[in-house]
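Asker: Curious how this folds, go ahead:
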Amino acid sequence: MSEAGLPEIARWVAAAGPLDITVLTGAGISTESGIPDFRGPRGLWTTDPSSQRLFDYDAYVNDPQVRRAAWQLRRVHPAWTAEPNAGHRAVAALEESGRLRAVITQNIDGLHQRAGNCPEHVLEIHGSLHAVECLRCARRAPTADVLARLEAGEEDPNCAACGGTLKVATISFGQALRSDVLDAAIDAATGCALFLALGTSLTVQPAASLVALAARSGARLVIMNAEPTPYDDLADAVVRGPIGEGLPQIVPSPPAGRDPGRDRWRPSRQSAG
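Answerer: Numbering: from 1, shown residues only. Model prediction:
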């Protein structure tokens, strides 16, 4: 592990060429926007361990009571009112600079897109809160449409096309990752010159393994996280502290007057629930 500080890391970023940088983000970048992680002191699983059942795929499919509770939880998810923070905007600035290859995110909140990253550059390996899918016919629709049905009194809405079970398009325990998204994430990790792991404990696989893949492929590795991770010894630099404070110090600012892509993408009914 290097003793490199923020000024040296900033030089690495500045020296990166087009599409040279891949970013991996975890819950730690979104906690600064008011979205608690599952395992933290304010996390759902800490305050209510029984809620883990709501994120089990088999339980969701087979138990209508679990589905009803899960939908009510989605109605009040803090992502509907959260705003991107300085960390998200710094990642968007990397794209503005032309250096960004991809953002691989473990988060489901859509804040990278709201901050200005093109959806095509954001690989949501754990899925997205902003879409629902039918488990029978695979039809997808905006989550806002289902939230409106919940507001109208439905407790366990089904697919309007085939009557099948609807589920928010996130990855639950026991549910396979999308192979195309994982393949793209592996390509982004092995094809970059600089890999930034931001706000992730690097304990959840296969996301954590992308760090080792990038390092083995010759990329410089920077880990920014509040707590130690299992991969710190592999890193060229480790930075402790809030992402929203550290990341803007190493990323070039976007062009003056530019609000990075705020009109590029915004989920409909973002204030639902």
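Asker: Could you pull out the helices in the protein for me?
Answerer: 6-15, 27-30, 44-47, 57-62, 64-75, 86-96, 111-115, 143-151, 179-190, 209-216, 243-246 (DSSP state H).
Asker: would you list every one of the strands in the stretch 151-273 of the chain?
Answerer: Taking DSSP state E, counting those that start in this stretch, the strands of the stretch 151-273 of the chain run over residues 166-170, 194-198, 220-224, 237-239.
Asker: from these, which stretch is densest packed?
Answerer: Mean neighbour count, computed with mean count of other CB atoms under 10 Å, is highest for strand 194-198 among the strands of the stretch 151-273 of the chain, reaching a mean of 27. Where C-beta positions appear, they are placed from N, C-alpha and C, glycine not excepted.
Asker: which outside residues touch the longest strand out of those in the chain?
Answerer: For the chain, the strand with the greatest residue count under DSSP state E is strand 127-134. When contacts are defined by CB atoms under 8 Å, 6 or more residues apart in numbering, strand 127-134 is touched by residues 74, 77, 79, 108-110, 139-146, 159, 161-162, 164-171, 178, 267.
Asker: Asp180 and Val103: what is the separation?
Answerer: 16 Å (CB to CB, to the nearest Å).
Asker: okay, the two: which has more neighbours?
Answerer: Val103 (29 against 9; other CB atoms under 10 Å).
Asker: beta partners for that one?
Answerer: Val23, Val122 (DSSP bridges).
Asker: Let me see the confidence value for it.
Answerer: pLDDT recorded at Val103 is 98.
Asker: Now do the contacts for it.
Answerer: Counting by CB under 8 Å, 6+ apart, Val103 touches Thr22, Val23, Thr25, Val91, Glu95, His112, Asn117, His121, Val122, Leu123.
Asker: residues near the nearest residue to Ala86 once chain neighbours are set aside, how many?
Answerer: Closest residue to Ala86 apart from its sequence neighbours, by CB to CB, 6 or more residues apart in numbering: Gly244 at 3.9 Å. The local packing of Gly244 (other CB under 10 Å) involves 20 other residues.
Asker: now the protein, which segments are flagged as low pLDDT?
Answerer: Low-confidence segments of the chain, defined by pLDDT under 70: 1-4, 38-51, 253-273.
Asker: domain assignment for it?
Answerer: Domain segmentation of the chain under automatic domain parsing yields 1-35+86-126+185-253, 45-81+127-170.
Asker: The closest residue to Glu8 other than its chain neighbours and Leu123: what is the separation?
Answerer: With CB to CB, 6+ apart as the criterion, Glu8 has its nearest non-adjacent residue at 7.2 Å, and that residue is Ala237. Per CB to CB, Ala237 is found 23 Å from Leu123.
Asker: of the helices of the chain, which approaches Ala197 most closely?
Answerer: helix 209-216 (5.5 Å; CB to CB).
Asker: who does that closest one touch, helix- and strand-wise?
Answerer: strand 21-25, helix 179-190, strand 194-198, strand 220-224 (3 or more CB pairs under 8 Å, 6 or more residues apart in numbering; DSSP states H and E).
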